[in-house]
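J.: take a look and give me a structure for this.
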Amino acid sequence: MLSRILLAGLLASTLVFAQRGGGGGGSRGGGGGMPSMGLGGGTRLDRLTEALKLSKDQKKDVKAAMDEAQKEATPIQDQMNKSRLAIAEAIAAGKSKEEVDKAVLGEAELETQMTSLELHAFAKVVSSLEVDQKQRGIPIVFAMVKGAFLGKNWNSEN
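T.: Numbers count the residues shown, from 1 in each chain. I've put the predicted structure just below:
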């Protein structure tokens, strides 16, 4: 009975994680005092362009950096989905604590890879900003990049 409850909880949390990538700026733990770009219309890139008054070249550079990161993130996200399922199945099958811990550590490594990818994309985007844009832009870009690659398209209209 306990294993069924644990499985149900793990599956529910997996669904929550799967949904977090589709939201607007800062969808992955966006709070923490980070300003949001608002829920206004348009894509993330449109909202960032408007908030920071990006030039055409800057907009092109931001899109290129984020598109490149999305391509790198897709296989990691696929592995993360499989890893979460493996954890749930291990718990449901009554596997040993060591086997469950091994699966959890594998998931943690994938989460670390995704965070590293997000931070590298953040650095590329910030490097394309002018000095006056960086002051207000760094928190906005950070909120936009965090969790952006957990969906199929970082530039969704959410």
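J.: tell me where this protein has helices.
T.: Along the chain, counting by DSSP state H, helices occupy 2-19, 44-52, 56-92, 97-127, 131-145.
J.: and the angle for the shortest one with helix 97-127?
T.: Spelled out, that is helix 44-52. 50 degrees (axes from the mean of the first three to the mean of the last three C-alpha atoms, to 10 degrees).
J.: so helix 44-52 versus helix 131-145, what angle?
T.: Using the same axes, to 10 degrees: helix 44-52 against helix 131-145 is 150 degrees.
J.: what's the answer for the longest one, then?
T.: Orientation note: helix 56-92 sits at an angle of 30 degrees relative to helix 131-145 (the same axes, to 10 degrees).
J.: which elements pack onto helix 56-92?
T.: Contact analysis of helix 56-92 by 3 or more C-beta pairs under 8 Å, 6 or more residues apart in numbering; DSSP states H and E lists helix 2-19, helix 44-52, helix 97-127 as its packing neighbours. Where you see a C-beta, it was placed from the backbone N, CA and C, and this is true even at glycine.
J.: so what secondary structure elements neighbour the second one?
T.: With contacts defined as 3+ C-beta pairs under 8 Å, 6+ apart, the secondary structure elements packing on helix 44-52 are helix 56-92, helix 131-145.
J.: report the buried residues of the last one.
T.: Of the residues in helix 131-145, 133, 137, 140-145 count as buried by neighbour count, 16 or more other C-beta atoms under 10 Å.
J.: can you check the longest one too?
T.: Applying a neighbour-count criterion of 16+ other C-beta under 10 Å, the buried positions in helix 56-92 are 58-59, 61-63, 65-66, 69-70, 73, 76-77, 79-80, 83-84, 86-88, 90-91.
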